[in-house]
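1. have a look; sequence and predicted model below, questions after that.
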Amino acid sequence: MVKISLEFGLGLALVLFSLGLTGVLVRRNIVFILLSIEIMLNACGLAFIVVGSYFNQPDGQVMFFFILTMAAAEVAIGLGLVMQMYRKFHTLDTNSANLLRG
Amino acid sequence: MLEFLWLVPVLPLAGFAALVLLGKRITNPVVACISVGSVGLSAIFAAIAGISFIMSPPAGNGYSQTLWTWIQVGNFSPAASFYLDALSVVMMLVVTFIGLLIIIYSTAFMAADEDYRRFFAYMNLFIASMLILVLADNLVFLYLGWEGVGLCSYLLIGFWYKNSQNGLAAIKAFLVTRIGDTAMAIGLFLLFATFGTLDIQLLSQKISQYPVGSTTLILAASLLLAGAIGKSAQLPLQVWLPDAMAGPTPVSALIHAATMVAAGVYLIARTNFIFINAPAVMTIVAIIGVVTLLIAGFSALVQHDIKRVLAYSTISQIGYMFLALGVGAWSAAIFHFMVHAFFKSLLFLCAGVVITAMSGVHDIFKMGGLRRKLPLTFWAFLIGCASLSALPLVTAGFYSKDMILWQVWSSPSGGPVLWAAGLVGALLTSLYAFRVIFIVFFGEPKTAVDYKPAWRISAVLVILAFLSIVGGFIKLPMELEKLSVQAQYVFQAIAGVTSLAGILFAYLLFAGERRFVRSLLNSKLCVILRDLWFADWGFDWLYNNLLVRPYQWLAFINRDDFIDSIYDATAALCGFCNKVLSASVNGNLRWYVSGIVIGSIIIIAFVVLL
């Protein structure tokens, strides 16, 4: 089994996280923003696992399960909100859902 | 029978309370019954108290009745107590009886007024306050009545409040007298701080042991004098009284005859022990009196409004009383006050009849020939004017005014100058009094008049006319100084001739065509003088420019309120921040996310770099 180096793993997680963040910042479609958030969550999970295996401890994988559970819950609520948003605004564009502007 | 003294002020007060509390349920006749009844009973009790006081004078020539301790703070405990001596007997009788007559007159005079009940409630309160003032045993209780009188004059001058001019006149009266009231209050504080009591009898004892002419006494006397000047409309605070004519005519009668303006004279007479020990202030009192009586006499000479003529004549006559007080002729001042109450209430009530008959016209030049249309009023007015101008031998005014002039001559603090000024004032008095008579009641009728005064009005006029004639023979229950009879006859003759000369001049000047007066008005000087006198020697103009306008200007430039602007600026800053921050809350999801990201980067950068 090939040991993947810590730098490589964390670098991959950073790249994934940046991709997700860029997605959140640049996409206007709410579904794609949710997808990008999933990517960011998984980047965090990857970082946990990499660091956990580096220290030969199972804690990182435990944390990944938490993240997975939370992501599932988030998707369930997030998709529900997306449905509501579509019903209310007839669009998925976040820029048009700006009723809370000051 | 002196135990019933407390009923004298309490009854009118109870009448006031009844009129206020019973509300709109009672009809006009009931209102009249309550008011006349309460003041009438008060007058009866006053008469009983007065008679029993004169018949069997109590020990020390003073009767004191304490009801309860009014205020108890440390060693300061003024009581609600009444004091009856020769001075307050006269004042009490005049206030209750003249007040009663004026109220009876008002029941007919105000019959058509929609605020009948309110009017009589105020009148009752006015009389009750004045009675408290004259009967009070200590200066704090006296001050209660003093302020009550001021309040009632404000309420009654502005009685027809729907016309804003009347409201302004009421405010003017209140503010001008307030200047005096404030000074008087400071005077009371000073007396209490120095002597530790405001009880008049105790104060009198303590002051008699105090050095004469000390600064404290002079200061206290000056402050009390300022209060008296304000209430009695003397120079320089006389400006409110002519404007106070805005009130109903019975109110003017009450203010001028029995209450309000008499308060100042009474205050000085009551606290004479302070003034005697401050001779400098006594001289000032006399000078104020003499200047006021001359100034007001000239002003009365050129007025058009019948009530304003009477107002200036009141200022002038009160000037005589101040002159008498200033030379120490206390009893002469009070005697003149009593006689003045008779004829001045008579004159005002007659003027009320004339104005009603002319359906509200006050201008004497629009009247004329009323002698035949209003015979009773004419005779009553004639008697009043004769008494005012001190027609020799037959009128009460002659005896009182002569007494003042004689005492001014003979008193050590008086002298020929003050006496001569008083004599010129007497000439002016008969001149302006008979000017009104000749213009209003003689000559050709200018309007058709068809008016008969109600029997209650006529009865009151007859009673007052009677009193104006025989009032001079009433011997006051005060010791009158022994005068050398021979010299006095000479002075009586001089005063009588002066009065007659005034009437003659008035006939020559103002009866008929008034050709001479008209030709006088061709010269520029006379016109300037007339305008000056007409405007009360420009006192109103002076005060307007000296006090009112600068105050209004200050109020104008500070209309946004300097202190307020600090709080306004705080509010404006908050509003500005709100605008800036609410621009950032634009409801755009990606904007928020960018904010979070940038914030996180900054925080992380901090943690890493530091």
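-> Here it is on my side, so go on.
2. out of everything not next to it in sequence, what's closest to B:G538?
-> B:L532 (6.2 Å; CB to CB, 6 or more residues apart in numbering or on different chains). For every residue, glycine as well, the C-beta is placed using N, CA and C.
3. quick one: what helix or strand has that neighbour in it?
-> helix B:524-534 (DSSP states H and E).
4. what does B:L461 give?
-> helix B:455-470.
5. next, the buried residues of the next helix or strand after that helix.
-> Using DSSP H and E, the helix or strand that follows helix B:455-470 in sequence is helix B:485-510. By 16 or more other CB atoms under 10 Å in any protein chain shown, the buried positions in helix B:485-510 come out as B:491-492, B:494-496, B:498-499, B:502-503, B:505-506, B:509-510.
6. just stretch B:273-284 next, same as before
-> B:F273, B:I274, B:F275, B:I276, B:N277, B:A278, B:P279, B:V281, B:M282, B:I284.
7. what do you get for stretch B:449-464?
-> B:V449, B:P453, B:R456, B:I457, B:S458, B:V460, B:L461, B:I463, B:L464.
8. now swap in stretch B:527-543 and tell me
-> B:R530, B:W533, B:D536, B:W537, B:F539, B:Y543.
9. pLDDT (mean, whole number) over that stretch?
-> Stretch B:527-543 carries an average pLDDT of 78.
10. CA atoms only for it, dumped as CSV, please.
-> Taking Å, rounded to 0.1, in the frame of the first residue of the first chain, the C-alpha atoms of stretch B:527-543 are listed here in CSV:
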residue,chain,number,x,y,z
VAL,B,527,-50.2,116.8,18.9
ILE,B,528,-46.9,115.3,20.1
LEU,B,529,-48.0,115.7,23.7
ARG,B,530,-51.4,114.2,23.1
ASP,B,531,-49.9,111.2,21.3
LEU,B,532,-47.4,110.8,24.1
TRP,B,533,-50.0,111.0,26.8
PHE,B,534,-52.4,108.8,24.8
ALA,B,535,-49.7,106.1,24.7
ASP,B,536,-49.2,106.3,28.4
TRP,B,537,-46.0,108.3,28.0
GLY,B,538,-44.5,105.6,25.8
PHE,B,539,-44.1,103.1,28.6
ASP,B,540,-45.5,100.3,26.5
TRP,B,541,-43.3,101.2,23.7
LEU,B,542,-40.3,101.4,26.0
TYR,B,543,-41.0,98.0,27.5
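11. could you list the residues in contact with that stretch?
-> B:P236, B:Q238, B:V239, B:P242, B:I295, B:F298, B:S299, B:L301, B:V302, B:Q303, B:Y312, B:L521 (CB atoms under 8 Å, 6 or more residues apart in numbering or on different chains).
12. before we move on, what about stretch B:321-333?
-> Contacts of stretch B:321-333 (CB under 8 Å, 6+ apart): B:87, B:232, B:234, B:265, B:268-269, B:272, B:275-276, B:282-290, B:292-293, B:336-337, B:340, B:400, B:403-404, B:407-408, B:411, B:413-414, B:418, B:422, B:476, B:478-481.
13. residue ranges of the helices in chain A, please?
-> A:6-26, A:30-54, A:59-89 (DSSP state H).
14. from those, which stretch is densest packed?
-> Stretch with highest mean neighbour count among these: helix A:30-54 (a mean of 18; mean count of other CB atoms under 10 Å in any protein chain shown).
15. residues contacting residue 37?
-> Assuming you mean chain A. Here A:I37 is in contact with A:G20, A:V24, A:E74, A:G78 (CB under 8 Å, 6+ apart).
16. my question was about chain B
-> B:G15 are the contacts of B:G37 under CB under 8 Å, 6+ apart.
17. and the gap between it and A:S18?
-> Relative to A:S18, B:G37 is positioned 102 Å away (CB to CB, to the nearest Å).
18. give me the nearest residue to residue 42, chain neighbours excluded.
-> Just so you know, I chose chain A. That would be A:L16: by CB to CB, 6+ apart, it lies 6.6 Å from A:N42.
19. please refer instead to chain B.
-> Closest to B:S42 by CB to CB, 6+ apart is B:L11, at 4.1 Å.
20. just the pLDDT at the one you found, thanks.
-> 89.
21. wait, it touches B:S35, no?
-> No - B:L11 is not in contact with B:S35 according to CB atoms under 8 Å; the separation is 10.9 Å.
22. and stretch B:157-173, what's buried?
-> For stretch B:157-173, using 16+ other CB under 10 Å, the buried residues are B:I157, B:G158, B:F159, B:W160, B:N166, B:G167, B:A169, B:A170, B:K172, B:A173.
23. my guess is B:I268 contacts B:A228, does it?
-> Yes - at 5.2 Å, B:I268 and B:A228 qualify as touching, with contact defined as CB under 8 Å.
24. between those two, what contacts are shared?
-> Common neighbours of B:I268 and B:A228 (CB under 8 Å, 6+ apart) do not exist.
25. point to the residue nearest the middle of chain B.
-> Centroid check for chain B by CA atoms, centre = their mean gives B:V261 as the closest residue, at 3.0 Å.
26. you'd agree that one is up against B:Q234?
-> No - with contact taken as CB under 8 Å, B:V261 and B:Q234 are classed as non-touching, separated by 9.2 Å.
27. which residues of the chain score low on pLDDT?
-> Using chain A. A:1-2, A:102 (pLDDT under 70).
28. ah, no, chain B please
-> For chain B (pLDDT under 70), the answer is B:1, B:472, B:474-488, B:511-515.
29. near chain A, which residues of it?
-> Residues of chain B lying near chain A by CB under 8 Å from any CB of the partner chain: B:581-590, B:593-594, B:597.
30. how about 10 Å then?
-> B:578-579, B:581-594, B:596-597, B:600 (CB under 10 Å from any CB of the partner chain).
31. now, of these, which are buried?
-> For those, buried by 16+ other CB under 10 Å: B:N588, B:L589, B:W591, B:V593.
32. before we move on, back to that, kindly export the helix holding B:L461 (C-alpha atoms) in PDB.
-> C-alpha atoms of helix B:455-470 as PDB (Å, rounded to 0.1, in the frame of the first residue of the first chain):
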ATOM      1  CA  TRP B 455     -83.800  97.300  38.700                       C
ATOM      2  CA  ARG B 456     -80.900  95.500  40.400                       C
ATOM      3  CA  ILE B 457     -78.400  97.600  38.400                       C
ATOM      4  CA  SER B 458     -80.300 100.800  39.300                       C
ATOM      5  CA  ALA B 459     -80.400  99.800  43.000                       C
ATOM      6  CA  VAL B 460     -76.700  99.200  43.100                       C
ATOM      7  CA  LEU B 461     -76.000 102.500  41.500                       C
ATOM      8  CA  VAL B 462     -78.200 104.400  43.900                       C
ATOM      9  CA  ILE B 463     -76.600 102.700  46.900                       C
ATOM     10  CA  LEU B 464     -73.100 103.400  45.700                       C
ATOM     11  CA  ALA B 465     -74.000 107.000  44.800                       C
ATOM     12  CA  PHE B 466     -75.300 107.500  48.300                       C
ATOM     13  CA  LEU B 467     -72.100 106.000  49.800                       C
ATOM     14  CA  SER B 468     -69.900 108.300  47.500                       C
ATOM     15  CA  ILE B 469     -71.600 111.300  49.100                       C
ATOM     16  CA  VAL B 470     -71.900 110.300  52.800                       C
END
